[in-house]
Every structure is written in C-alpha cells, then in structure tokens.
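Peer 1: Test case, fold it:
(chains A, B and C)
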Amino acid sequence: MKRFLLLSLALVPFLAACSAGATAAPSAPPAPSATSSTPPTKLTVGLGYIPSVQFAPFYLAQQAGYYAAAGLDVTFENKIDPDLITLVGQGSVDIGIADGTSVIPAVSQGIPVRYVATIYAKFPNIVFTKASSGIHSAADLRGKKIGTPGKYGSSWIMLQALLGSAGLTTSDVNVQLYPDYGQAAALAQGAIDAATGFVNNEPVQLGLAGVSTTVLTVDNVVPLPGNGLIAGVATIAAKHDALARFIAATLRAMTEITADPQRGLAASAAIVPDLGKDPTTQLAILTATIGTWSDAYTAAHGLGAIDPTAWQKTVAFMASMAGSPISGPAPAVSQLVDASLLAP
Amino acid sequence: MDATATIDTADRSGHRAGPAIPPAALQAIDVSFSYPPSDGRTTNPPVLEQLSLTVRPGEFVALVGANGSGKSTLLRLLAGLLPPTAGRIEVGGERLTAPDRRIGLVFQEPRLLPWRSVIDNVAFPLELAGWPIAGRRARAREMLDLVGLEGVDDERPHRLSGGMRQRAAIARALALEPGILLLDEPFSALDALTRERFNVALQEIWRQTGTSVVLVTHSIAEAIFLADQVLVLARAAAGIVGRIEIPFARPRLLGELDAADVSGLAATVRELLEIDDGGAR
Amino acid sequence: MSVDRSAIGGPAARRSGRGAVLAVVAGAALLVGWKLLTVIGGYPPFVLPPPELVAARFVGAWADGTMLPHTVTTLEEVLLGFTVGASAALVVGYALARSTLIEEAFSPYLVAAQATPILALAPLIALWFGSGILSKVVICSLIVFFPVAISTMVGVRSVDGQLLELCRALRASRRQILIRVEVPGALPSIFGGLRVGVTLAVVGAIIGEWAGGDTGLGVLINLARGSLFDTPLLFATLATIAIVGVSLYVLVVVIEGRLVGDRD
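Peer 2: Below is the predicted model of the structure:
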C-alpha cells in the first residue's frame, strides 16, 4: 500500500503539470461537524521546532475541542522548516506551518506542496535597531554592521528585499554572522548597529528588558508571504474535507484569541506547561504575533486568505535575486498556492 | 696458539681506533649481584656472590652453566649494563661503571632495527658515535665481509634467515673495533648443523680480529671447540665451580679434535655441573 | 648466500591490483543497489534521488563553480586542523608513553574530553572563537587529537625493550634513542592513528561549519537542504566530502608506505 502511495506520489508532479493553468474552483466547505458513525480523521500537524506561544491558535483549537468537534484527531509534531516541507511533500505529515518564501524553492525543486492558508499576513522577519540608533529606514543601513544568523533563509531574503528598496545590496552593508542567534544580545551591547529577527521575538524581548527598538518591515517593499499552512498535493486530494475543517477550526481559534489573548495563553500553558512560566513575556510575544495575523488583504478577504498578487511579486523578486534559490523556471502561483481549502 | 693476531686497522675514514687491545683485558673482582627489589620486598636473593674471573688479552673464554646459573647476568655485569652490588668490574685496569666502547655485545636475539637495511644496522654504532656517512658504510661493509655476509647489504632484516641476522649482529658488535667481545648464547636459536658452521665462523672471526671473547653457552661441545678456558657456573650464587684449560692447538677443525680428549673434557665439565645438581644419577 | 624469499608475496601481492578491481566491483554493486532502491521504492527525487541525477548534479555543481569555493574552504580547515591537532598529539602521546605519572595524571581528563560529543561543544567553540576559520581549526584539532595521541603513546611503548637495551649497550643518548629508535619504532602505530585522524578531521570541519560559517561543504549541505531544497545537490555535496576524505586517507597511506616501509 505504501509502495502504491509513493509511486502515485511520484506521478503527481506530472499530473499537476498537466492540469496547470486550469484553476480549480473552490468547493463549498463542509460545515465543521462530525457524523457520529464515522471515526475521526487522524491528522499529523507539523509545528515549528520549538513549542511556542505563537502556535496558540492550534493549542486553543485542540484544547477547546474544535478539532474534535470537526471530526479530527490531531497530533502535533515539532519539526524544523526544511524537514517539515519534505515531510509534508512526502505525505508523512499531513499539514504544517512553514515559511512562505521556502515554499517557492521547494516547489521549483519538484517537492509537491501547496500553501493552503495564510497565518502570518505580515511578513514576520524584520530588521530591528535600537530606537536611539538614528536608523529609521532602509537607506540608513548603508555601511552599518548588521547581524544575522546566516546568509540563507527567509531573513536573508527579507534583508535583500529591504536593502533593495533603497537601492542597496548586501555588499553595501557589513554583515556579521551569529549562527548561535546571539544577534539581539550583540545589538544590546552595541557590537552591531542592526540585526535581523522576528517581529514577535527579539524586539519584544529587548522591549521587556527596557531597550526600545525601531523595526523595519518589508511588507511595503516586496509583499513576501509569511508563515502559513502547507499540505502535500496528494494529501489535499485524499483528505480535502478534513484539511478544510482543520483550517476552519484553526482560523476560528485565531479570531477568538485576537479578541481575548488570555484564552490563547491559557490553552498554550495547558498543552505545553513550560509556556505557562513567564506570563508577562508570553503575553507580549502573543500580542506581537496577533499583530501579524491580519493586514489589509485579510481584512477584505477574511482571515487566512492568500493574496496571489503578493505571491506573483515575490516569485518575480526571488527570481531576480543574485544567487536565486529558485531552480529552473520560476513556478506559477497555481503551483505554489491552493486556496480550495478556505471558505469562499 | 697465536692469539694476538689483529686486523689491519688502516683507516679510510680518518678515524683511527686506538690500541684496541688493552693489557689484562677484562676482570671481575669479588663481584656480587642481586636484582634491586620491586615494591614490597626488602631484598632479592643474590644471583652471584663474590665471583672473580680474569680474561687475558686475546683469550677466548666460555661460560658454561644451566639456566638460572646467572651466566647471562654475569655477562651483563661484564658489559657494564648492570652495576655490581659489591665488588667491581675492570677493563684494562680501569673500573667499569657503564657500557664502554671497548666492549662489543652480541645478544641471544639479533636485535636488528627492522626498519633499517642490514648495512645501516651494522653501521648503527658508528652512527651513534658520530662517524660520517662515507666512513661508516665502508667500515660496515668490511665487517659484513668479515662475518661472511655477501649481497644483502640493502635488504631488510626480516628477509634474512636467523643465522644471517645473527651474523649481522656480530658484524655490528665488531664495528667499533672493540678489544672485548661478549656473546650471550648467540647461537642457541639456530639448528645444530648451522650452529656448527657458526662455531667455525666465530673461531675465524676471533682469529682475524684478535679480540678477547667471553662466550656464554649451554653447549659443552661448543665451549670446548671454541674456548681456551671453560668456566663452569653452578646454580645461582654458587659461583665458578671449575676452570678448565682447553689445550688443543689452533686453528681447530671440527673433525680433527681427538674424540677421546674431547669426551674426557666434556665429562669433566658435566661432572662439575652435576655436582651441584644434588648428585642424582 | 641467498636471501630468504620464501616468505609470502608481501608487497608484490599488495600491488597486484586485485583489491582495486574488487573495490570497483563493490562500487558498481552499490550504485546498482541504489538505483534499484529508488525504482522499487518509488522514492521521489527530493527524498532519494537516483544515482544518475546525483551524478549529473555533481558534474553541474563543479562545472558552474558552485562546489569549488566550498571545497577549498573545507580543505583548508581540514589541513590546518589536522596539522595542529596531530602535532600536539605527537608530543603529548610521547610524554604519556615516557611517564606513567603523566599518564595517570592526565588520561582521565583526556578520555573525558574525548567522550564529550564534539557536536555539543562546537557551538560553544564557535561562540568563543568566532565564525571564521579559527573555530573550525580548533574543532578539527580537538577531534584529531585523541586518536593520534593514543596511537603515539601505544606505539612508543611498543618499541621492543630489547632494542632499548641494545641502545644502552651502544651508549646512545636520550635524543638518539628518541630519533633513531623510538620514533621509527612507533611509526606503524602512529600512522594508524593518523589514518583515523585525517578522516575525523573532515568530520570535524563539517561540524565546525554547522556551528556557523559562510562557506564550506557543511554550509553547502545546509544551503542545499534548508534554503534550496535541492536534494541532488545535497547528495552531490556528500559525495564531494567522501572524495575529500578518501583522498586524504590515501595520501596518508602513501606517505606511510614511504616512511614505514617494509618491516615484516
């Protein structure tokens, strides 16, 4: 059976290519209810490497029984991004949360995944500096020392996009590597002028420590897609309705947490006890996270909506980058995104 | 018998060994020895007690004794490798306190350095003594000629038979032209036929170099064939129980020794050895 | 008088090339097995690429200049780290061999350091020494040190005591004994440690790069895996690493042949 599944998986890219161009009409989503005669559908859900309060929607939906009510038996797994995308592509993990910019090179390498729902409508990777540094825009970064974990990944793409908006490249700045993710500490000590990070992490931590920061975002420069839910093409076909109900339950939890963040905190602490230990910090992180869940597009089209124009612009940008991670011809948006699991 | 023949030391290297044969070559005077105690024991029993012997210049002396009689220990004392617990060793009238260049030593095993060629092994003492390369190869070649090793200069020792390796070891011991050559059961690892040939070869080498020789052996026949004087050691600490002069003329040939004389001497030696055996017969 | 050549073939057998033929056959069998696995298992290329795809990517990565700068960086780290680590180990190994006191005093710490996984220490070392070449050299040196030190210690101790007595009888100085007998005598064992050390040095360089680096084959693995999602490139990089390791090992063996030579 596994052999058949793997073989069919190998065939899927061919089938997908054949049907490229034909946009699938989104089917009417089933109501989130379970019939008592059928057993719940098992779903393996991949979350980020370290359990974090930013996954509060998932924890709340699990703990409040939204997944169960939707006829789903959800198990969480913690995986790092590269592994997660491969596992989702293989079908070993049904659905997971991954960075949007990683999907593009993955699909260009033939990994059959689709971005099915937006979680972070605003791109979470940012450049942050001390408020006192005098750096207020991308142009002010010229010649400055900028700390980053490495010259790859979503932070690197974001940095190039940001610098590009001021006509700069990475050779116009002094990049310092912090593979141990110590760039925030280095900034606090004045060893560097600016650093890359996540909008709901380093600036929040520094703020709690009394260091106010300026944050430069890339959303108005290149609309890079932030973290969202991805699923394998075969899984979408096989478990379409279950996945749609999963997404609906998760979005419902997001709405409720936006109105009442404490519910998110309580649910996170219930599922991952360590997250209950420092409520002040965790609340600050969660608040910053909530701030990324919506933007103008989701306000108009609903939470979780995917903006195809943003994806188009992003593909064009990444294809134009020096050392572009896209292999071969740039993928079409229909190869990257599948909105059929969202409510219309 | 002519025991004072020397080899021509006309020298091609610029080094001339001094008069290689000191007067009154080698003496042990009232020598006692016990091994130093390892932890926990206060003393070890003596291996040798108040033993004296004299080797005259150019003389060939054989030390015969069973295992455990202390003959190898005595040889090491004579070589300066062990310090006497009491008494002293003298070379040419001077007290010996450490290994000396006037003494060449041949062990029971060839002890050649396996990573060096035969000729580099024979040249090893010369190298340690600071001889220049050309000189030491020439001298080593001479010594290999002397012991009858042809055509194996650049071979590694493991390619040689046991007998050839022992010849090389003898050549090495003679490289610095010592006045005294000490051999510790050098042929005991060889088969009986090879051993006889080596006995003849050793006699020839001795005649050509004129060194004083002390040969430790457990073979009575070998001792009688080679030596001017046979010293018999009994069990440890019992000392030298007999000194037998071997009167046969030189050069001695294997087949020519009078059988009756030889067996008579051999019987005497055996008697001396068995005296300390508890007399069981 | 003839030399005893009745001993078995020795170098002649080693040079017969039969071993090389077997190696090629084994390699071919491995490739065939790999291909069969991808076909029968039906694995997609982003999970297990077939050998011909990896080969094509390997050639491509060298041709377009991707592989070379990373390989040069890793090679620099390996050679420097191996030299530093092995040199220190030779000295320490000799000291351990000559003095039981030193051995008893220091071995517990040496063994404890060896037992601590380098993978755990590497990030700390990158923190202290920066993400430049220095931290990679430190990590490589550490990983090379123990096998070479121990093999040196064992080798020096294994020098035949009878040869050392010979040296005493020939009035050799301490220095002469060291240079002319102990070192040559210990060389076979030392080279055993060097063979192990040089392959470990490659592992060390990769681990060092994972703890932080700009270029290097370890960095390329991370890029291929996490940034480019290019599994054939990942395999091609692994192949390059293997080739680097094998080449260095062969180099050590060749040098060993010259220095150790024909002994038994």
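Peer 1: what's the span of stretch A:230-245, first residue to last?
Peer 2: 14 Å (CA to CA, to the nearest Å).
Peer 1: Looking at the stretch 51-200 of chain B, what residue ends up closest to chain A?
Peer 2: In the stretch 51-200 of chain B, the residue found nearest to chain A is B:Trp115; the distance is 47.2 Å by CB to the nearest CB. For glycine as for every other residue, the C-beta is placed from the backbone atoms N, C-alpha and C.
Peer 1: That residue against C:Arg258, yeah?
Peer 2: No: with contact defined as CB atoms under 8 Å, B:Trp115 and C:Arg258 do not form a contacting pair (11.8 Å).
Peer 1: Give me the more crowded residue out of the two.
Peer 2: More crowded of B:Trp115 and C:Arg258, by other CB atoms under 10 Å in any protein chain shown: B:Trp115, with 21 against 7.
Peer 1: which one is that one nearest to, not counting chain neighbours?
Peer 2: Excluding the flanking residues, the one nearest B:Trp115 by CB to CB, 6 or more residues apart in numbering or on different chains is C:Pro184, at 4.8 Å.
Peer 1: Give the residue spans of the chain that score low on pLDDT.
Peer 2: Just so you know, I chose chain A. A:1-37 (pLDDT under 70).
Peer 1: Chain C, not that one
Peer 2: In chain C, residues with pLDDT under 70: C:1-16.
Peer 1: Would you map the helices across it?
Peer 2: C:11-14, C:18-41, C:51-63, C:67-98, C:100-115, C:118-129, C:133-157, C:161-169, C:174-177, C:183-210, C:217-222, C:231-260 (DSSP state H).
Peer 1: related to what we said a few turns ago, let me know the pLDDT of the residue of the stretch 51-200 of chain B closest to chain A.
Peer 2: As predicted, B:Trp115 sits at a pLDDT of 94.
Peer 1: now B:Arg111
Peer 2: pLDDT at B:Arg111 comes out at 96.
Peer 1: how deep is residue 227 tucked in, by neighbour count?
Peer 2: The chain I'm using is chain A. 24.
Peer 1: Wait, chain C was what I had in mind.
Peer 2: Neighbours of C:Ser227 (other CB under 10 Å): 23.
Peer 1: Run through the residues that contact it.
Peer 2: A:102, A:105, A:152-153, A:156, A:325 (CB atoms under 8 Å, 6 or more residues apart in numbering or on different chains).
Peer 1: And for A:Pro223?
Peer 2: With CB under 8 Å, 6+ apart, A:Pro223 has these contacts: A:123, A:307, A:309-310, A:313-314.
Peer 1: try 6 Å this time
Peer 2: Contact partners of A:Pro223, counting by CB atoms under 6 Å, 6 or more residues apart in numbering or on different chains, are A:310, A:313.
Peer 1: what's near enough to touch the closest residue to chain A within the stretch 51-200 of chain C?
Peer 2: Across the stretch 51-200 of chain C, the shortest distance to chain A (CB to the nearest CB) belongs to C:Ser131, at 4.8 Å. Listed by CB under 6 Å, 6+ apart, the contact partners of C:Ser131 are A:177, A:179, C:212-213.
Peer 1: Generate a ChimeraX selection restricted to the buried entries among the residues you listed.
Peer 2: Of these, the buried ones go into a single ChimeraX selection, burial set by 16 or more other CB atoms under 10 Å in any protein chain shown:
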select /A:177,179 /C:212,213
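Peer 1: can I get the contacts of C:Ser131 in a markdown table with distance to A:Thr170?
Peer 2: Putting these into a markdown table (distance: CB to CB, whole Å) gives the following:
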| residue | distance to A:Thr170 |
| --- | --- |
| A:Leu177 | 12 |
| A:Pro179 | 17 |
| C:Gly212 | 18 |
| C:Gly213 | 17 |
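Peer 1: Stretch A:81-100 near chain C anywhere?
Peer 2: Yes: using CB under 6 Å from any CB of the partner chain, stretch A:81-100 reaches chain C at A:82, A:90.
Peer 1: who's in contact with that stretch?
Peer 2: Residues contacting stretch A:81-100 (CB under 6 Å, 6+ apart): A:43-47, A:102, A:106, A:111-113, A:154, A:225-232, A:234-235, A:243, C:47, C:225-226.
Peer 1: go on, stretch A:193-206?
Peer 2: A:124, A:126-129, A:144-148, A:155, A:159, A:183-184, A:187, A:213, A:215, A:284-285, A:288-289.
Peer 1: Show me what the host helix or strand of A:Gln160 is in contact with.
Peer 2: Using DSSP states H and E, A:Gln160 sits within helix A:153-165. The list of residues contacting helix A:153-165 from outside it, by CB under 6 Å, 6+ apart, reads A:99, A:101, A:125, A:127, A:138, A:148, A:196, A:218, A:221-222, C:227.
Peer 1: Kindly report the same for stretch C:54-61.
Peer 2: Against stretch C:54-61 from outside (CB under 6 Å, 6+ apart): C:67, C:232-233, C:235-236, C:239.
Peer 1: Just the buried residues from these, in PyMOL please.
Peer 2: Buried residues among the contacts of stretch C:54-61 (16+ other CB under 10 Å), as a PyMOL selection:
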select buried, chain C and resi 67+232+233+235+236+239
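Peer 1: Can you tell me which of the contacts of stretch C:54-61 is nearest C:Glu52?
Peer 2: C:Pro232 (9.9 Å; CB to CB).
Peer 1: Please name the nearest non-neighbouring residue to that closest one.
Peer 2: Residue nearest to C:Pro232 in three dimensions, not counting chain neighbours: C:Arg57, with 3.8 Å by CB to CB, 6+ apart.
Peer 1: gap between that neighbour and B:Pro114?
Peer 2: C:Arg57 sits 49 Å away from B:Pro114, going by CB to CB, to the nearest Å.
Peer 1: out of those two, which sits in the more crowded spot?
Peer 2: More crowded of C:Arg57 and B:Pro114, by other CB under 10 Å: C:Arg57, with 24 against 17.
Peer 1: What helix or strand is A:Val222 located in?
Peer 2: With DSSP H and E as the criterion, A:Val222 is inside neither a helix nor a strand.
Peer 1: now the strands: where do they sit in the stretch 201-344 of chain A?
Peer 2: Secondary structure of the stretch 201-344 of chain A (DSSP state E, counting those that start in this stretch): strands located at A:213-216, A:228-232.
Peer 1: Against which helices or strands is the longest one packed?
Peer 2: Packing contacts for strand A:228-232, counted by 3 or more CB pairs under 6 Å, 6 or more residues apart in numbering or on different chains; DSSP states H and E, involve helix A:81-90, strand A:95-98, strand A:113-118.
Peer 1: now those in JSON lines, with mean neighbour count?
Peer 2: Output for the helices and strands packed on strand A:228-232, formatted as JSON lines (neighbours: other CB atoms under 10 Å in any protein chain shown):
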{"stretch": "helix A:81-90", "mean neighbour count": "23"}
{"stretch": "strand A:95-98", "mean neighbour count": "25"}
{"stretch": "strand A:113-118", "mean neighbour count": "26"}
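Peer 1: possible to save the ones you listed as a markdown table with distance to B:Thr42?
Peer 2: Shown next, in a markdown table, are those (distance: least, CB to CB, whole Å):
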| stretch | distance to B:Thr42 |
| --- | --- |
| helix A:81-90 | 71 |
| strand A:95-98 | 79 |
| strand A:113-118 | 84 |
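Peer 1: related to what we said a few turns ago, name the nearest of the contacts of C:Ser131 relative to chain B.
Peer 2: Using CB to the nearest CB, the contacts of C:Ser131 come closest to chain B at C:Gly213, 42.0 Å.
Peer 1: Next, count neighbours for C:Asp264.
Peer 2: 11.
Peer 1: which one is it nearest to, not counting chain neighbours?
Peer 2: B:His158 (4.8 Å).
Peer 1: so the one you found, which of the three states?
Peer 2: helix (DSSP: H, G, I helix; E, B strand; the rest coil).
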